[in-house]
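> Curious how this folds, go ahead:
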Amino acid sequence: MARAPLPRRGGLTDVPGLQVGHAQRIGRGWRTGTTVVLAADGAVAGCDVRGGGPGTRETDLLRPEAMIERVDAICLSGGSAYGLAAADGVLGWLEEHGIGFRVGQEPHQIVPIVPAAVIFDLGRGGRFTNRPDQAFGRRAVQRASSGTVATGTVGAGAGASAGGLQGGIGSASTVLADGTVVAALAVVNAAGKVIDPANGLPWMHAGLGLQRPSAAERTALRDYLASVAAVSPANASRARPPVETLNTTIGVVACSARLTKAECHKLASVAHDGLARAVRPVHSMFDGDTIFALATCVHELVAPTLPDYLVGRGRQLAFNAVLEAGAECFARACAGAVIEARSSGDLLAYRDLCPSAYRDIN
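Numbers count the residues shown, from 1 in each chain. All right, here's what the predicted structure looks like:
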């Protein structure tokens, strides 16, 4: 099915029923944050964890055979396992607003369903003990909006590192021919390469408006990345920090169509293909790569008109178009996280090293 892309800065909130909010602290020993995807009316959800070292919460609830079908929010956070505490702040806010799974006859007898995943960014702001807590989650969900998604060095991406560069948050969206909106939000904190060394551009740069950076900038980029990788404990006093082996890319892929839990699981699974296009390599034993999938069920998938011998496969073909779009959106979201990031702390951003790549989009 043909797709008509929205503008480059389209994002997760283009999916009806979803809102996004960020909270972060940068400076004075801090460089971390939390991002919340709010589905106030609920969303069918799935999840696929591929990394060997994930930090997650409530993901078992999203297995197709589990009882819970809809979630109320997804919490993405820095802070490694400590940062999972941010989800408690989201739960508290949702409970106060009467949003959650009913477990009793009284209106207040609810349990909000908030799966979560975290990235490793401990100590990147200077103090190992500065990490998100309940207050971060509460602030992020309070700020949730259906407006344009803020991207770059914000929220859960505030302390992210992407292949030696400043990482961050990216988002992208696409509209299918039947009106289904497919979108993604990625928190890119990857040890793998995000830039193609052959041309100095992100692996997935098509459609982003970037130009090949100058030869001098490409050389500076390669030298910088080599110097980051070369730092060892013996010379750690130098200005640039080493690339930690503990990394993760996490995020959400979503659509406006009605999907089952099993289909959401498949959508999350295929979105990892998009991650693999944008970050190379991925899914190591030291990564916590985790992708959630949400379906807001605003409308049914529209099956295309088919020849008689294909009758019965129309919905499968329509769903397959969602899968293709989900992988593409997640790949573009990963690329967007890198090109929209701003330097923070000791890490330089791609835009600082290759400003000429932006000459047509600044």
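
> so where do the helices sit in the chain?
Along the chain, counting by DSSP state H, helices occupy 86-96, 134-142, 215-230, 261-278, 314-339, 350-353.

> which of those helices has the lowest average pLDDT?
Looking at the helices of the chain, the lowest mean pLDDT belongs to helix 215-230 (a mean of 89).

> starting at the chain centroid, how far to it?
In terms of CA atoms, centre = their mean, to the nearest Å, the centre of helix 215-230 is set 26 Å apart from its chain centre.

> and what of stretch 162-177?
Using CA atoms, centre = their mean, the distance from the centre of stretch 162-177 to the centre of the chain it belongs to is 7 Å.

> What mean pLDDT does that stretch get?
Average pLDDT, stretch 162-177: 95.

> send the alpha carbons of it over as CSV?
Backbone C-alpha positions of stretch 162-177 (Å, rounded to 0.1, in the frame of the first residue of the first chain) are rendered in CSV as follows:
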residue,chain,number,x,y,z
ALA,A,162,25.0,7.4,20.2
GLY,A,163,28.1,5.7,18.8
GLY,A,164,30.3,8.3,20.6
LEU,A,165,28.2,11.3,19.7
GLN,A,166,25.5,13.0,21.7
GLY,A,167,22.4,10.8,21.5
GLY,A,168,18.8,11.8,22.2
ILE,A,169,15.2,11.4,21.1
GLY,A,170,13.8,11.2,17.6
SER,A,171,10.3,10.8,16.2
ALA,A,172,8.8,10.2,12.8
SER,A,173,5.4,9.4,11.3
THR,A,174,3.8,8.2,8.0
VAL,A,175,0.2,8.0,6.8
LEU,A,176,-0.9,5.0,4.8
ALA,A,177,-3.3,5.1,1.8
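
> follow-up on the earlier one: looking at the helices of the chain, which is nearest to residue 187?
The closest of the helices of the chain to residue 187 is helix 314-339. By CB to CB, the value is 7.2 Å. In short, each C-beta sits where N, CA and C put it, glycine included.

> which parts of the closest one are buried?
318-319, 321-339 (16 or more other CB atoms under 10 Å).

> contacting residues for the residue with the shortest distance to the centre of the chain?
When the chain is reduced to its mean C-alpha position, the nearest residue by CA atoms, centre = their mean turns out to be residue 186, at 1.8 Å. Listed by CB atoms under 8 Å, 6 or more residues apart in numbering, the contact set of residue 186 reads 169, 170, 171, 249, 250, 251, 275, 330, 333, 334, 336, 337.

> how much space between it and residue 297?
Applying CB to CB, to the nearest Å, the value for residue 186 to residue 297 is 23 Å.

> Could you do residue 82 as well?
Residue 82 sits at a distance of 34 Å from residue 297 (criterion: CB to CB).

> ok, now residue 205?
Residue 205 sits at a distance of 33 Å from residue 297 (criterion: CB to CB).

> The two: which is more packed in?
Using other CB atoms under 10 Å, the more surrounded residue of residue 205 and residue 297 is residue 205, with 21 against 18.
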